[in-house]
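Colleague: Any chance you can model this:
(3 chains)
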Amino acid sequence: MSAALLVAGLGLGGGGAAAGAVLPARARVPGAAVLTGAACVVACAAAAGVLTSGKPVTVHSAEILPLTGVTLSLDPLGAVFVLTTALVGAAVSCYAAGYPARSMKSRPAAGLLPLFITSLLLVPAAASIATFMAAWELMALSSLLLLLTGHRRREARDAAQWYAVMTHAGAAAILLAFVLMGAHAGGQSFAAIRAYAGGLPPTVRSLAFLLALAGFASKAGAVPVHVWLPRAHPEAPGPVSALMSGAMVNLGIYGIIRTGEVLLGGGELWWWLMVAGIGVVSALFGALHAAASSDLKRLLAYSTVDNMGLVLIGVGASGALAVTRHDALAALAMVAALFQMMNHAAFKGCLFLGAGSVQHAAGTRDLDQLGGLLRRLPATAALFGVAALSICALPPFSGFASEWLLVQGLLRGFSAHSAATAAALLAGVAALALTGGLTAAAFVKAFGIGFLGQPRTPAAAAADEAAPAMVAGMALLAVPCVVLGVIPGVVMPLLARAAGTALGGPPPDPVRAGTGLGLAGSTDVIEPALLALLLTAGLALAWALARIRTRARARRAEAWGCGRELQTARMQYTATSFAEPLQRVFEDVLRPDRDLDVSHLAESRYFEDALRYHSRIDDAVERGWYRPLISLAGRWGEVARRAQNGSMHRYLAYGFAALIVILVVLA
Amino acid sequence: MITSSTVQWLPPLRSLFARPVTERLPPPPVPRSAARFPGSVQLRHVGAGSCNGCELEIASAFGPVYDAERYGARLVASPRHADGVLVTGVVTRNMAVPLSKTLDAVPAPKVVVACGDCALGGGPFAGGYGVADGAGPLEEPDVAIPGCPPGPVAIAQALRGLTGR
Amino acid sequence: MTASPLAAAGVSVIQLGAAVTGGPLLFGLMAKVRARAEGRSGAPIRQPLLDLRKLAGKEHIHGGHSSVVLPLAPLVLVASTAAAVAIAPLISTRPALGRTSDALVVVFLLLLGSVAVALAGLDTGTAFGGMGASRAMTIGALAEPALLVAVLALSIQAGTSNLPRLVSATLAHPQWAASPERLLALLALVIVVFAEAGRIPVDNPSTHLELTMIHEAMVLEYAGPELALVTLGEAMRLGLLLSLVANLFFPWGIAATGSVLWLAVGLAVLAAKTAALAGVIAFLEVSMAKLRLFRVPEILSAAFVLAVLAVITGLAVTP
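Modeller: Below you'll find the predicted structure:
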């Protein structure tokens, strides 16, 4: 049943792509949206079926891909990712149906979006190297082409270039890893590789894991291979960036878990400690850059790096605990990581969709030019606010529930009595604490400067509310932020099955099902639903307290500005000034680029005509590692060009010398 | 940051256990039941072109010797937090609009306390070229504290008239 | 640790009532200690309660271009702080929803309050509000981690992050009170309390100079009953922080059973402990000068490092 649903879902997705490419202008986007939405719903049902029954389903077809055929297998681990992707995909399809940008209404764009969503659904279900790589490449190419719908802008072309190079370098690394594993296993299906996992020599295993980690970590946005993310996610159109941050980065995590745990059967301790270490660095780096960024979508992109870092901490902790045979603790950490991944998909998707609405309504995504949007776009702002509260891990939203579970998973792991693991867990706890504060600062900035106060430019003052379909898409993602925060117990059994599949062994039950969130083997339970009730009662009590002695309506008065006669919107704090104290504290890491241009009057050098101040915060890793590498590659290219001077005689000499060398070597 | 010598700790420590230097004042001019803000009043001070003589006396009124805070009166930073404005100085042309904006920002019920002869329309600067025409909110102050400058006792007693303590 | 829900609810109601009246009284006590140290007689200790009552009768004003966030924020602040007060182990180790009374829950409820007030500051659309919000979030970004890690250091020692069980565990093992990780965590928490409660040397709550304000600047636009709610929320927050510091490190006196006598004793002991802590804080405030804003992250980073050291010491010492 689930197998049929899965195939039907993928087929509907393909149909959506065809609809988008073929139908005439008016019917194109809605038709594609309806079919893609249906595909997501069907895939969701398939995934739910696999998760509730706990049994994987397999579909094999020898026709679609030549030589290798297509093998799909949906096990509980993949099903969690399919479920998450389907939710985000459905919301994005609904949003895209109403998205007014011309660039997304063309035939290529309307056909590629459903194709992108279908490939995202395909990757977790792929069960052979060929299927996986085909789906992976499809995902990369369709998202690249969707990114290029903005090709008239130079930043979009730059971003596409970075994205293309890094995603293909990653794909090459992944392919190499798979080939290493598959060559030794003698077959290219995941089942064969897993069966042979024990027989791989340790060096080959470690090499394969490192290659796979490099590729998948790049897709997930882990430092230091994340540099494409803050460029590509902001430049992509609204629905595409929501999919990239809400669904595509998860597949990097999926790849790491699938390769390390399932295909390679658990691996070594140092692998997982490295994963956790990468997670710690990514979390801190992403949170810091998000707090310092004044471009709304770049802020959200860095926040994705941060959250994926947190998930990697959980995955690394889980792997390390599994290697040292603490299976219950490992299951708990894995469940926490998967829950964080799921919640991130919901709130980040909602945030990116909101940013897309804002960008289209106000014409810019620079927070320094926004403001007062709560009055102009009330529904979008309210949903953005819910998602922002959730990402700050504030009770009673879903971000808090997953943060609690992650901290508990790390704390319990301290009892594992291993110095290396304890150090990794300590770093993880410290990172969680630090990123919590920085994320709160970043999102108070994003919501407060972008939506509250007065509009800073006429464009922001003239912004209009988004189309109902767009608001509905956001609402579809905001609902899990609230529901999973108040009754997180609904997904716990599903995540436990996925963790069981990932770690092998009997299905664990690390989180006790029920309305509360409790840990097996301990009396630590929290009841978010009751907490939510308590907060609501508190709100009512406070409201009543404020009306004890006076019941009159509020008077609207001029803002207090020390009696100043003129108060303008430009006197408000901007995002740059909001982040300035934090930027000063972390100046050594961020190293902002500051430039002051002074032009003087022609008549006298003592009088200034104009002052222009530029401040930019570049990605620290890109500035410190990539730019030197790129300039090194450029210089090497220049040097190598000297060998290519156009002289035919020299080229013939090269050929002759090479022939001599080969003859000598072969002899 | 942490003090490196005990000299900064000892005087406050000694004062903490010693009798305060605050003087006793005669009873309030208005009983509690008739006070406009019984027990607690906050005022926002606005210097509308004063010579700072009244400011010095107000500072003294809130200082250790006369301590108007023990009667529930306090100076606050924002007029929104206040019950009224405590105005010193003859209202100059530049301060006329800010003064009326400050008073407008105060939530009802509000009072205007005019401190010093200048605020009451007299004083050495009355009729000067920089003085605003008409006293604006000071036409009918709720509390008047005459004097040039009024002593701290007079100021404290006037504030006690508002709190009834 | 089964207690009848009614008794637990009663405990929470008493704790809430104590916080609502006791928080402002703590403010008054701190003002009194400060006044006496300056040689003045100072306002009576109950003065903040009189101020709140007067504010409740004043006019509501919504200034400038503010939206629904401005009136909503004080409600969220009071609700979140009240929820934290209701579930935290202040008078008794059996408050209502005792199982939900987790270190993370309390810390993030306090963060919810801070975020609400910061958003209100930005909603006013003035320069002051933005400045206050920016500074408050910067300090919060560095103080929250130290608070969280310090409390987690205690959780690792006791094996649970549930606050009532943490307190019970400390009661059962008195020798923990002098352990090195406790002392390091205490030092970190004391620094964090100064930051979270907005006292000198981090922030001067009674300053009139807007450029030196941090918390005051965010609430400059509030009037009347909403200002009363914000002040009450801040007072409850101070009471909660001081009570938690007192009960996590010196829990003796807290009621471990549900009997009314023990609850009364618990209330009295809590009042004494928080009054003592408040007095010490007020005296330290008088003896120190406020730090300039860009020095504050240095002491907060020091607090964070101390908290991490507390965790490491705990891990190294535990067999």
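Colleague: Quick one: the helices in chain B, in order.
Modeller: The residue ranges that make up the helices of chain B, judged by DSSP state H, are B:10-17, B:53-61, B:93-105, B:152-163.
Colleague: what about the nearest residue to B:Ser78 once chain neighbours are set aside, neighbour count?
Modeller: Here the nearest residue to B:Ser78 in space, its sequence neighbours aside, is C:Leu220; by C-beta to C-beta, 6 or more residues apart in numbering or on different chains that works out to 4.5 Å. No exception for glycine: its C-beta is placed from N, CA and C like everyone else's. Each residue near C:Leu220 was counted by other C-beta atoms under 10 Å in any protein chain shown, and the total is 26.
Colleague: does C:Leu220 count as helix, strand or coil?
Modeller: Under the three-state scheme (DSSP: H, G, I helix; E, B strand; the rest coil), the conformation of C:Leu220 reads as coil.
Colleague: circling back to that earlier point, closest to chain C out of the helices of chain B?
Modeller: Put simply, out of the helices of chain B the one that sits nearest chain C is helix B:10-17, at 3.8 Å, with distance taken as C-beta to the nearest C-beta.
Colleague: which residues are contacting the closest one?
Modeller: Contact partners of helix B:10-17, identified using C-beta atoms under 8 Å, 6 or more residues apart in numbering or on different chains, comprise C:Val33, C:Arg36, C:Ala37, C:Glu38, C:Gly39, C:Phe283, C:Val286, C:Ser287.
Colleague: give the contact list for A:Ala336.
Modeller: A:Gly314, A:Ser402, A:Leu405, A:Leu406, A:Gln408, A:Gly409.
Colleague: Around chain C, which positions in chain B sit nearby?
Modeller: B:1-3, B:8-9, B:12-13, B:15-16, B:18, B:20-22, B:37, B:39-42, B:63-64, B:67, B:69-72, B:74-78, B:80-81, B:83, B:105, B:107-109 (C-beta under 8 Å from any C-beta of the partner chain).
Colleague: which residues does residue 91 contact?
Modeller: By default, I'm working from chain A. Contacts were defined as C-beta under 8 Å, 6+ apart; by that measure A:Ala91 touches A:Ala242, A:Gly349, A:Cys350, A:Leu353, A:Gly473, A:Met474, A:Leu476, A:Leu477.
Colleague: should've been chain C
Modeller: C:Ile91 sits next to C:Val11, C:Ile14, C:Gln15, C:Ala18, C:Ile254, C:Ala255, C:Leu263, C:Gly266, C:Leu267, C:Leu270 when contact means C-beta under 8 Å, 6+ apart.
Colleague: Could you find the closest non-adjacent residue to residue 246?
Modeller: I'll assume chain A. With sequence-adjacent residues excluded and distances taken as C-beta to C-beta, 6+ apart, A:Gly246 is closest to A:Gly349, at 3.3 Å.
Colleague: um, chain C though
Modeller: Beyond its immediate neighbours in the sequence, the residue positioned closest to C:Ala246 (C-beta to C-beta, 6+ apart) is C:Lys273, lying 3.9 Å away.
Colleague: To what extent is the one you found buried, counted in neighbours?
Modeller: By the criterion of other C-beta under 10 Å, C:Lys273 has 21 neighbours.
Colleague: ok, now C:Val193?
Modeller: When neighbours are counted by other C-beta under 10 Å, C:Val193 registers 21.
Colleague: Same check on the one 3 residues further on?
Modeller: Neighbouring residues of C:Glu196 were enumerated by other C-beta under 10 Å; the total is 24.
Colleague: how close does it get to B:Gly134?
Modeller: Noted for C:Glu196: a distance of 49 Å to B:Gly134, by C-beta to C-beta, to the nearest Å.
Colleague: quick revisit: the residue nearest to A:Gly246: neighbour count?
Modeller: Around A:Gly349 sit 33 other residues, with neighbours defined as other C-beta under 10 Å.
Colleague: Just confirm it is within a helix.
Modeller: Yes - when three-state DSSP is applied, A:Gly349 is found to be in a helix.
Colleague: which of the residues in the helix or strand hosting A:Leu51 are buried?
Modeller: Take DSSP states H and E as the rule and A:Leu51 turns out to sit in helix A:25-53. Using 16 or more other C-beta atoms under 10 Å in any protein chain shown as the burial criterion, the residues of helix A:25-53 that qualify are A:28-51.
Colleague: And stretch A:320-337, by the same measure?
Modeller: Along stretch A:320-337, the positions that meet the burial threshold by neighbour count (16+ other C-beta under 10 Å) are A:320-324, A:326-327, A:329-337.
Colleague: in chain C, what spans have low per-residue confidence?
Modeller: For chain C, the stretches flagged by pLDDT under 70 are C:1-3, C:318-319.
Colleague: what are the ranges of the strands in it?
Modeller: In chain order, chain C shows strands spanning C:61-63, with DSSP state E as the criterion.
Colleague: Just checking, which helix or strand of chain A averages the lowest pLDDT?
Modeller: Across the helices and strands of chain A, mean confidence by mean pLDDT, DSSP states H and E is lowest for strand A:511-512: a mean of 76.
Colleague: one step back: give the contact list for the residue nearest to C:Ala246.
Modeller: In this structure, C:Lys273 makes contact with C:Leu242, C:Ser243, C:Ala246, C:Asn247, C:Phe250, C:Gly253, judged by C-beta under 8 Å, 6+ apart.
Colleague: Show me how to select, in ChimeraX, the buried members of the residues you listed.
Modeller: Only the buried entries of the contacts of C:Lys273 go into this ChimeraX selection, using 16+ other C-beta under 10 Å:
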select /C:242,243,246,247,253
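Colleague: Near chain C, which residues of the stretch 251-400 of chain A? Just list them.
Modeller: A:Ala291, A:Gly371, A:Gly372, A:Leu374, A:Arg375, A:Leu389, A:Cys392, A:Ala393, A:Leu394, A:Pro395, A:Phe400.
Colleague: can you pull out the helices in chain C?
Modeller: Ranges of helices in chain C, per DSSP H, are C:5-37, C:47-56, C:69-87, C:103-123, C:127-158, C:163-172, C:180-196, C:215-218, C:224-249, C:260-287, C:296-317.
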